[in-house]
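Enquirer: take a look and give me a structure for this.
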Amino acid sequence: MPVRKRFLKLLSAWGLSALGMVAGVRADVLLDDTWADGTRTNQNLPMESAWWFSYSAATAHTNSLFVPMRSDNTALLGITYFTDGTTNPITLAVGESLTVNLRLVLSNVPPQNTLLGFRAGLFDFADSSLSPRRVSADGFSNSSQGGGVQGYALFLNMGTNFNDQAPMHLLKRTDLSNSSLLGASGAWTELGVPLFVQTADFSGFTDGQEYLWQMMVERTNSTTIVVSTLWSNTISGETMSYSQTDGSATNFSFDGLALRPLNTNTAAAGYTLLEARIDYAAIPRDGFANVGYTTTGGKGGPVVTVTDASSLSNYLNQPGRYIVQVKGTINLGVDDFPVGANKTIVGLGTDATLVGDLYIVSDSNVIVRNLYFTNPSNLGEGDGITMRNSDHVWIDHCTFTDCADGELDMTVASDYVTVSWCKFNYTFDSGHNFVNLLGADDADIVDTGRLHVTFHHNWWSTLCHERMPRVRYGRVHSYNNYFNAPGNNYCVRAALESQVFLEQNWFENVKTPWEKFITTGTTGLVSAVSNVFVNVTGQSDPGTDTVFTVPYLYTPDDTGGLPFAITNNAGAARPGPPLSMALTATNVVFSWTTNIPGFLVQYSDDPAATNWLYDSTSVEVVGDQNTITEPTDQAARFFRLIKP
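Expert: Numbers count the residues shown, from 1 in each chain. Model prediction:
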């Protein structure tokens, strides 16, 4: 029902939306700008974004942004962008949504009028034909920024009283050749026709009153977007809302928010913005580590470099977020070496090594990347990494060699873990070459309902004998892994009350790719789909059980390329050719030597990020020497090479 009265408490401060959240997704805050620093031209997501207007009278104050209409009573166009860069919009998968929350106070609301004078919407500038794709200063035309831009918008009848019973219209931008983003009504097609509705409870807008405007776009299937909008009086709680469906949607990407009041006869003369928030209800990606929470490690915290155990321990156990870079080899000592929550541990270069047992216990939000682990002397508990009672942990691009007990063990209520692009191996047979234990004992009933773990693009290699992994109680998704460990006993074992989903893996020169094992209680389950077997013996279980449904987005690689891709990229220090750097007065020049074409440079503010962005600067190639030049006057960034 498009307009209704509803009393509610504002939920935006809690990262929720009055329009509702989508079940089974997590909420990522793309932007939450309150103008706390009194500026409007800084792009520092998600805390603030730059706001640009077709004329420069907008003024930021501490905790607000005041936007007046032009003195000549012509339209005003304002735009902000909620992604970094011009080539990476948010693209909605089925089941995902974006929600705008704009808290604002109106000044000099006009009386009842007949026009739809206030317009605002969500847009895809990144895929437009604009050049440049984004404005970066005030003073552009209020009838510009429309070339090739797709999006959805609210056209609102704004007055102290509404002109009719349908003051809100939702439209789709369909004439992409029109240069005016929100000024030309002919460039827009209405989504349905507003029904006759009762507006008595929200009959118009009032000067000086704070309102919450929300707009949500939700992708519900491959060709459908549901567009919803809501206005709420934050004092009385009275709301009006409206929703329509675009059943022939072809674009699902968004990176900007724009608004365009027409004039003071048809829209308020002034807008005091108190908060602009955009939430991305995203289906988790990259495994269980991002289900229910975005695992970011130390992102946003200080970046420090350590070369000894004392410094490493100091930073790993500081409160708050830290990105700790390990340089060279560090011996962790005879005891377990504890890690605190909200930390990223990342190896620098090609030889960063930890000798001993890294102890991730009773922690949350930890990332470990690009490190060698070894523990042949049985230090601590004898593992490379011991994980207990910890959640949302991501182990990526690490190499584990000759650990006396397990190389990477997860037990005692650990949960929501992703292990990706790692290599496990041994150089000798200790009699206990048992790699990954998930659930230490049948008696550990605390593991019931926990131990959700994803393994993808890992390599179990030389002299791995068992536990790749061995699972009690857990729910394990193993896809696109490479098992090549001649002389093993078994690869994957589903034990007490476990469920294992083996999908598109490559098993080569191994015995018993998977098996079930039980001493008491309920036998584990295995579903095995589209795996490849080369020189495999001893497989008897059909792998036809019904197991859990994977709750995150992923796209398995074709199995045909797995051995090459994984053996060339799994493990520590496998990023591609070394990246060198030279500084001049105004530029930094990156270079790398390779006869293999196609390497590109990516950048991020966090070396353990999942969302590295492609640098748009062109690569110059002379012979086998590749270079790219960047200006030095930019925010601190990390760069890496990648071959798509």
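Enquirer: C-alpha from now on. contacts and neighbour counts both.
Expert: OK.
Enquirer: need the residues that contact stretch 121-137.
Expert: 52-53, 86-89, 145-154, 215, 253-259 (C-alpha atoms under 8 Å, 6 or more residues apart in numbering).
Enquirer: now it: buried residues?
Expert: If you call a residue buried by 16 or more other C-alpha atoms under 10 Å, then stretch 121-137 has these buried ones: Gly121, Leu122, Phe123, Asp124, Phe125, Ala126, Asp127, Ser128, Leu130, Arg133, Arg134, Val135.
Enquirer: run through the bridge partners of the third one.
Expert: If I follow you right, that is Phe123. Gly151, Gly256 (DSSP bridges).
Enquirer: what about it, distance to Thr520?
Expert: Between Phe123 and Thr520 the computed distance is 58 Å (C-alpha to C-alpha, to the nearest Å).
Enquirer: quick one, domains of the chain?
Expert: Listed domain ranges for the chain are 12-282, 288-569, 580-642 (source: automatic domain parsing).
Enquirer: and the longest one, how far apart are its ends?
Expert: The straight-line separation of the ends of domain 288-569 (C-alpha to C-alpha) is 21 Å.
Enquirer: mind checking how far that domain is from the chain centre?
Expert: 22 Å (C-alpha atoms, centre = their mean, to the nearest Å).
Enquirer: what about that domain, average pLDDT?
Expert: Mean pLDDT, taken over the full extent of domain 288-569, equals 95.
Enquirer: same deal with the first one?
Expert: The average pLDDT within domain 12-282 is 88.
Enquirer: who's in contact with the nearest residue to Ala570 once chain neighbours are set aside?
Expert: Closest residue to Ala570 apart from its sequence neighbours, by C-alpha to C-alpha, 6 or more residues apart in numbering: Trp421 at 4.4 Å. Neighbouring residues of Trp421 by C-alpha under 8 Å, 6+ apart: Asp396, His397, Cys398, His456, His457, Asn458, Trp459, Ile566, Asn569, Ala570, Gly571.
Enquirer: which ones are touching the fifth one?
Expert: Contact criterion C-alpha under 8 Å, 6+ apart gives Ser420, Trp421, Cys422, Tyr479, Asn480, Asn481, Tyr482, Ile566, Ala570 as the residues in contact with His457.
Enquirer: got the phi and psi for the fifth one?
Expert: For Asn480, the backbone dihedrals are phi 50, psi 40 (criterion: degrees, to the nearest 10).
Enquirer: so it touches Asn505, yeah?
Expert: Yes - between Asn480 and Asn505 there is a contact at 4.5 Å, judged by C-alpha atoms under 8 Å.
Enquirer: for the stretch 501-644 of the chain, what spans make up the helices?
Expert: 562-569 (DSSP state H, counting those that start in this stretch).
Enquirer: what's the answer for the stretch 201-350 of the chain, then?
Expert: Under DSSP H, counting those that start in this stretch, the stretch 201-350 of the chain gives helices at 309-316.
Enquirer: what's the local residue count around Pro319?
Expert: By other C-alpha atoms under 10 Å, the residues close to Pro319 number 11.
Enquirer: against Lys343, how distant is it?
Expert: In terms of C-alpha to C-alpha, Pro319 sits 10 Å off from Lys343.
Enquirer: find the residues that touch each one of these two.
Expert: Contacts common to Pro319 and Lys343, judged by C-alpha under 8 Å, 6+ apart, are absent.
Enquirer: ok so, going back, buried subset of the contacts of Trp421, written for PyMOL?
Expert: The buried residues among the contacts of Trp421 can be selected in PyMOL (16+ other C-alpha under 10 Å) with this line:
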select buried, resi 396+397+398+456+457+458+459+566+569+570+571
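Enquirer: one step back: joint contacts of Asn480 and Asn505?
Expert: Thr559.
Enquirer: give me the nearest residue to Lys172, chain neighbours excluded.
Expert: Tyr152 (4.6 Å).
Enquirer: ok, the one you found - contacts?
Expert: Gly121, Leu122, Phe123, Leu170, Leu171, Lys172, Arg173, Val227.
Enquirer: try 10 Å
Expert: 120-124, 170-174, 188-191, 215-217, 225, 227, 246, 254 (C-alpha atoms under 10 Å, 6 or more residues apart in numbering).
Enquirer: what of Asn488?
Expert: So Asn488 contacts 433-434, 461-467, 509-513 (C-alpha under 10 Å, 6+ apart).
Enquirer: now with 7 Å, please.
Expert: Contacts for Asn488 (C-alpha atoms under 7 Å, 6 or more residues apart in numbering) come out as Leu463, Cys464, His465, Glu466, Val510, Lys511.
Enquirer: so Asp396 makes contact with Lys423?
Expert: No - using C-alpha atoms under 7 Å, Asp396 is not in contact with Lys423, being 9.7 Å away.
Enquirer: which stretches in the stretch 451-600 of the chain count as strands?
Expert: 452-456, 459-460, 470-471, 475-479, 482-483, 492-494, 499-503, 506-508, 514-516, 525-529, 532-534, 580-583, 587-593, 600-604 (DSSP state E, counting those that start in this stretch).
Enquirer: before we move on, what about the stretch 1-150 of the chain?
Expert: Going by DSSP E, counting those that start in this stretch, the stretch 1-150 of the chain shows strands at 26-33, 51-53, 59-61, 64-68, 78-81, 90-91, 97-107, 118-124, 150-156.
Enquirer: want to throw those into JSON lines with distance to Asp409?
Expert: Shown next, in JSON lines, are those (distance: least, C-alpha to C-alpha, whole Å):
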{"stretch": "strand 26-33", "distance to Asp409": "27"}
{"stretch": "strand 51-53", "distance to Asp409": "48"}
{"stretch": "strand 59-61", "distance to Asp409": "52"}
{"stretch": "strand 64-68", "distance to Asp409": "50"}
{"stretch": "strand 78-81", "distance to Asp409": "43"}
{"stretch": "strand 90-91", "distance to Asp409": "36"}
{"stretch": "strand 97-107", "distance to Asp409": "36"}
{"stretch": "strand 118-124", "distance to Asp409": "44"}
{"stretch": "strand 150-156", "distance to Asp409": "48"}
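Enquirer: of all those strands, which one is nearest Ser313?
Expert: Ser313 lies closest to strand 26-33 among the strands of the stretch 1-150 of the chain, at 30.7 Å (C-alpha to C-alpha).
Enquirer: direction included, what does that closest one pair against?
Expert: strand 270-282 (antiparallel).
Enquirer: could you dump the strand it pairs with to CSV, C-alpha only?
Expert: This file holds the C-alpha atoms of strand 270-282, laid out as CSV (Å, rounded to 0.1, in the frame of the first residue of the first chain):
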residue,chain,number,x,y,z
GLY,A,270,16.7,25.3,1.8
TYR,A,271,17.9,21.9,2.9
THR,A,272,19.9,21.2,6.0
LEU,A,273,21.4,17.7,5.6
LEU,A,274,22.2,16.0,9.0
GLU,A,275,23.2,12.6,7.8
ALA,A,276,23.6,10.8,4.5
ARG,A,277,23.9,7.1,4.8
ILE,A,278,24.0,4.3,2.2
ASP,A,279,23.9,0.7,3.2
TYR,A,280,24.7,-2.2,1.0
ALA,A,281,22.9,-5.4,2.0
ALA,A,282,25.3,-7.8,0.4
